[in-house]
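K.L.:
Sequence and predicted structure, then a few things I'm wondering about:
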Amino acid sequence: MSEARTPAEIEAEIVRRRQELAETLDELAVRVHPKTIADGVKARAASAVDRTAGRAYVAVNHALSDVRDRFTDEEGRPRAARIVPVALVAVGVAGLLVVSSRRRRR
């Protein structure tokens with residue numbers, strides 16, 4: 001059997017339990033406070049935006065690296081054999097757009 005506790009021990013245990021309960025209630029009050037909830041929502045939203053922006057940056061950086069690799073050699077010099085055809089197509093498309101816009105004006 002357990003030893004009998006003295007009234008002083010029982011009273012000390014009650015005081016300790018009350019303090020623990022008060023701390024728990026204070027913590028719960030902070031957790032459910034509207035400002036705390038709003039701050040948590042803002043933090044999660046900012047984190048989601050940061051992740052999305054980070055993924056977009058990585059994707060764009062990867063795409064630009066691929067384009068650069070296609071149009072330059074290992075030493076970083078332009079590859080004319082690949083640049084000239086693309087430039088000619090771009091000039092052709094621009095020319096078609098100019099001709100098309102002039103025809104619409106008439």
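P.N.:
All right, it came through fine. Numbers count the residues shown, from 1 in each chain.

K.L.:
Can you show me the helices along the chain?
P.N.:
Counting by DSSP state H, the chain has helices at residues 7-32, 34-71, 80-105.

K.L.:
want to throw these into JSON lines with mean neighbour count and mean pLDDT?
P.N.:
Yep, even glycine has a C-beta here, placed from its N, CA and C like the rest. Formatted as JSON lines, these follow (neighbours: other C-beta atoms under 10 Å; pLDDT from 0 to 100):
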{"stretch": "helix 7-32", "mean neighbour count": "10", "mean pLDDT": "95"}
{"stretch": "helix 34-71", "mean neighbour count": "10", "mean pLDDT": "94"}
{"stretch": "helix 80-105", "mean neighbour count": "10", "mean pLDDT": "91"}
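
K.L.:
Pull the residues that contact stretch 55-74.
P.N.:
78-79, 82-83, 86 (C-beta atoms under 8 Å, 6 or more residues apart in numbering).

K.L.:
Let's see that with 7 Å instead.
P.N.:
Contact with stretch 55-74 is made by 78-79, 82-83, as judged by C-beta atoms under 7 Å, 6 or more residues apart in numbering.

K.L.:
Farthest pair within the residues you listed?
P.N.:
Spatial extent of the contacts of stretch 55-74 (C-beta to C-beta) is set by the pair 78 and 82 at 8.4 Å.

K.L.:
quick one, what contacts residue 78?
P.N.:
Residues in contact with residue 78, defined by C-beta under 7 Å, 6+ apart, are 71-72.

K.L.:
and it, how far is that from residue 88?
P.N.:
15 Å (C-beta to C-beta, to the nearest Å).

K.L.:
Please apply the same query to residue 101.
P.N.:
Counting by C-beta to C-beta, the gap between residue 101 and residue 88 amounts to 21 Å.

K.L.:
Same check on residue 62?
P.N.:
27 Å.
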